[in-house]
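Undergrad: Dropping a prediction and its sequence here:
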2 protein chains.
Amino acid sequence: MRIVVDAMGGDNAPEEIVKGCILARDEYNINIILSGREEEIKKILDKNTLSNKNIDILDAEEVITNEDKPVLALRRKKNSSLVKALNAVKNNEADAIVSAGSTGALLSGGLLIIGRIEGIERPALATLLPTMNGRFSMLIDSGANVDSKPEFLYDFAIMGNIYMQNVMGINSPQIALANIGSEKGKGNKLTVETYELLQNSILPLNFIGNIEAREILQGKADIIVCDGFVGNIILKSLEGTVSEVMAGIKQELNSSIITKIGGMLIKSSLRNFKKKFDYKEIGGAPLLGVKAPVIKAHGSSNDIAIKNAIRQAKVIYEGNINNLIEESIMRRWSENVWKIERSYFR
Amino acid sequence: MRIVVDAMGGDNAPEEIVKGCILARDEYNINIILSGREEEIKKILDKNTLSNKNIDILDAEEVITNEDKPVLALRRKKNSSLVKALNAVKNNEADAIVSAGSTGALLSGGLLIIGRIEGIERPALATLLPTMNGRFSMLIDSGANVDSKPEFLYDFAIMGNIYMQNVMGINSPQIALANIGSEKGKGNKLTVETYELLQNSILPLNFIGNIEAREILQGKADIIVCDGFVGNIILKSLEGTVSEVMAGIKQELNSSIITKIGGMLIKSSLRNFKKKFDYKEIGGAPLLGVKAPVIKAHGSSNDIAIKNAIRQAKVIYEGNINNLIEESIMRRWSENVWKIERSYFR
């Protein structure tokens, strides 16, 4: 298979991106297309590998940054590494795309250039959160859609379910709805209506009810369904709090000689703990609901993170995840129609 | 002044609640009315104080629990400690109310029994979050309203501003809007429209723009404005993450003899750090926008927390915070009308 990687996106681009692609090629036996400034990419390749076998370069002069307005940038920067990479997928020159650059531009590009799977109204960004019990919870949507409707969240649950079953190997993923209370009937209009849809799902979903934000890190659910605004708030709250708490404890450890010595002794513990929240091992966040695998790698990805994001794209492609999503959504629509007809003729 | 306290609300009721009231009476020279089961309250009073001076009991047989549906419970449990306390405020037998019981019931009761300040459409729960720089950020609304309109959030900012100026002594509080991006134009419909209102405020507000959830603990804003659903998600995410991270680190410290010794040496540091997030020193969360001071104390409040919540009620009352809110809201309405008229005759 052929995976196109945006060589210019991310804090450590292009160096770490290119190195990650070399690792992925060596480990997974796939073809990589690097999109970006040819001269720069070539230099990094020459420095880091003896052979450019199975690595092609798609020359692109421009770069879309986080400061660019996503949709405008897609339209104006036609020669950017990202737009060229997206077009490569669209034109069937690549099977999947990975980028550590602007999230907004990648999401918009996935939607506008690659296009939605038939039946899916809103693709969703699915972030895998590490939890305290050493597992992962998928937070879907973690930022692609704001002002969602209940039907969108229902589709997010269906897509997440397929991903967790087929990519993460979880037999019957527990699906929870992010909410501000545990009982049915709690929350805002969106969550109250979504609860009904999930509870009465036509497709088999292991819906376990509401989950409060304080329980998320405990790993009580495999899939946490929410609107993208709320999901992004949860994601950033968790990230920010973990890093602030770690920094705060470190600061306290400097307060006396005794605590400094203690701090030295527990260094390994703190490091082990921090590792639990290391996004680099996870790969990236897939944008589910578009016609080809689209992986958003973390902005500060190093070579290992890029390699893992590429692996993810490969698993989604080879597992036919998008076909499974399309089938499920079709089934949901047709059974829905049948249900309406049945109630009509009763 | 006279403060009525729900003696039966909270995990440690009635023992810690009554003890907190004794502390407050001794320290602040105020009258306390304890609402709840007279026999039980009397026993605790007898055990903990020599004199019942300035402490009255309002006998109430029933108790509203967290399992009760708030509005239904208010209607059905007329003889509950909470409903009797709320009615005491309504009938001008008390000037303020404190409860560590069901949040939903207290909020609904504040709205339905005590009533809104004229001009305020939606009262809001204002939680003071401790931040890493040793200060507090007010999160308003942290759970009273879901499905808010931009005008509600604008009122939250006005009320929060008055509170932080007059109760917390901050000259020109920095007001930020909780959002999923820093630039203007980011977010959902609600935040985009609220941004406009706050930026073009008729009343002088020190609006500093959007704040992302990851920055909240850094203490970058004095007031964080948001819808109650989002505010509750933020609050619970922070609480949950802090406690999960502390528990996770403790677990790691048990992994070897060396880290165990290190753990013993840094015990004081961890304790100091945890203290930063101790709600007991803060008091409770005021429900702003109702006609009398209503303080929601933390569910697991001990005597100190209750004493501090009573102090808060006293400061709001003596600082005439509710009058200041009413004046500001009136000014906002009248200047708004004037603005509309001016544009009409232009």
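TA: The structure has been received and is ready for your questions.
Undergrad: Using PDB, write out every CA atom in stretch A:122-136.
TA: Extracted in PDB, the C-alpha atoms of stretch A:122-136 (Å, rounded to 0.1, in the frame of the first residue of the first chain):
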ATOM      1  CA  ARG A 122     -20.000  14.400   9.800                       C
ATOM      2  CA  PRO A 123     -16.700  12.700  10.000                       C
ATOM      3  CA  ALA A 124     -15.200  12.800  13.500                       C
ATOM      4  CA  LEU A 125     -11.800  13.000  15.000                       C
ATOM      5  CA  ALA A 126     -11.100  10.000  17.300                       C
ATOM      6  CA  THR A 127      -8.400  10.500  19.900                       C
ATOM      7  CA  LEU A 128      -7.200   7.500  22.000                       C
ATOM      8  CA  LEU A 129      -6.700   8.600  25.600                       C
ATOM      9  CA  PRO A 130      -4.400   6.500  27.800                       C
ATOM     10  CA  THR A 131      -6.200   5.600  31.000                       C
ATOM     11  CA  MET A 132      -5.000   4.700  34.500                       C
ATOM     12  CA  ASN A 133      -5.700   1.000  34.000                       C
ATOM     13  CA  GLY A 134      -3.200   0.900  31.200                       C
ATOM     14  CA  ARG A 135      -5.800   0.800  28.400                       C
ATOM     15  CA  PHE A 136      -7.200   3.300  26.000                       C
END
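Undergrad: can you map out the helices along the stretch 101-250 of chain A?
TA: Secondary structure of the stretch 101-250 of chain A by DSSP state H, counting those that start in this stretch: the helices cover A:103-109, A:150-166, A:189-199, A:228-253.
Undergrad: need the contact list for residue A:79.
TA: A:60-62 (C-beta atoms under 8 Å, 6 or more residues apart in numbering or on different chains). (C-beta placed from N, C-alpha, C; glycine too.)
Undergrad: In those, which residue is surrounded by the most others?
TA: Within the contacts of residue A:79, most neighbours by other C-beta atoms under 10 Å in any protein chain shown means residue A:60, with 24 neighbours.
Undergrad: mind checking how far that one is from residue A:66?
TA: Taking C-beta to C-beta, to the nearest Å as the measure, residue A:60 falls 18 Å from residue A:66.
Undergrad: Give me the distance from stretch A:139-152 to the chain's centre.
TA: Put simply, stretch A:139-152 sits 13 Å off its chain's centre (C-alpha atoms, centre = their mean, to the nearest Å).
Undergrad: Any part of that stretch near chain B?
TA: Yes - judged by C-beta under 8 Å from any C-beta of the partner chain, stretch A:139-152 and chain B are in contact via A:143, A:146-147.
Undergrad: Just the closest of the contacts of residue A:79 to chain B, please.
TA: residue A:62 (21.2 Å; C-beta to the nearest C-beta).
Undergrad: Can you report phi and psi for that closest one?
TA: Torsion angles at residue A:62 (phi, psi; degrees, to the nearest 10) stand at phi -80, psi 160.
Undergrad: That one contacts residue A:77, correct?
TA: Yes - applying C-beta atoms under 8 Å as the test, residue A:62 and residue A:77 come out as touching, 4.6 Å apart.
Undergrad: Where do the domain boundaries of chain A fall?
TA: A:1-120+A:289-346, A:124-280 (automatic domain parsing).
Undergrad: so can I have TSV of the ones you listed showing mean pLDDT?
TA: Shown next, in TSV, are the domains of chain A (pLDDT from 0 to 100):
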stretch	mean pLDDT
domain A:1-120+A:289-346	94
domain A:124-280	92
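Undergrad: quick revisit: for the helices of the stretch 101-250 of chain A, please prepare TSV with the additional fields mean neighbour count and distance to residue B:151.
TA: Shown next, in TSV, are the helices of the stretch 101-250 of chain A (neighbours: other C-beta atoms under 10 Å in any protein chain shown; distance: least, C-beta to C-beta, whole Å):
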stretch	mean neighbour count	distance to residue B:151
helix A:103-109	25	28
helix A:150-166	24	25
helix A:189-199	18	18
helix A:228-253	22	19
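Undergrad: As TSV, the contacts of residue A:79 with distance to residue B:115 would be great.
TA: Below are the contacts of residue A:79 laid out as TSV (distance: C-beta to C-beta, whole Å):
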residue	distance to residue B:115
A:60	63
A:61	65
A:62	60
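Undergrad: show me which of those residues neighbour chain B.
TA: Contacts with chain B within the contacts of residue A:79, counted by C-beta under 8 Å from any C-beta: none were found.
Undergrad: residues contacting the residue nearest to residue A:147 when sequence neighbours are not counted?
TA: The spatial neighbour of residue A:147 that comes closest, neighbours along the chain excluded (C-beta to C-beta, 6 or more residues apart in numbering or on different chains), is residue B:188 at 4.9 Å. Residues in contact with residue B:188 (C-beta under 8 Å, 6+ apart) are A:146-147, A:229.
Undergrad: Going by distance to residue A:129, which of these wins?
TA: Taking C-beta to C-beta as the measure, residue A:129 lies nearest residue A:229 of those, at 17.0 Å.
Undergrad: Looks like that closest one contacts residue B:230 (just checking).
TA: Yes - using C-beta under 8 Å, residue A:229 is in contact with residue B:230, at 7.5 Å.
Undergrad: Out of the contacts of residue B:188, which comes closest to chain B?
TA: residue A:146 (3.6 Å).
Undergrad: May I have the phi/psi pair for the closest one?
TA: Residue torsions, per degrees, to the nearest 10, at residue A:146 are phi -110, psi 160.
Undergrad: Can you give me the distance of it to residue A:103?
TA: 13 Å.
Undergrad: Next: residue A:185.
TA: 34 Å.
Undergrad: again with residue A:32
TA: With C-beta to C-beta as the criterion, residue A:32 and residue A:103 are 22 Å apart.
Undergrad: Next: residue A:313.
TA: As judged by C-beta to C-beta, residue A:313 and residue A:103 stand 16 Å apart.
Undergrad: Residue A:267 now?
TA: Computed as C-beta to C-beta, the residue A:267 to residue A:103 distance reads 33 Å.
Undergrad: again, but for residue A:80
TA: 15 Å.
Undergrad: do residue A:296 as well
TA: With C-beta to C-beta as the criterion, residue A:296 and residue A:103 are 6 Å apart.
Undergrad: Residues that sit against both of these two, list them.
TA: In contact with both residue A:296 and residue A:103: residue A:125, using C-beta under 8 Å, 6+ apart.
Undergrad: Bridged to the spatially most central residue of chain A, which residues?
TA: Most central in chain A under C-alpha atoms, centre = their mean is residue A:285, positioned 1.3 Å from the mean C-alpha point. With DSSP bridges applied, the residues forming beta bridges to residue A:285 are residue A:296.
Undergrad: And the pLDDT for it?
TA: As predicted, residue A:285 sits at a pLDDT of 95.
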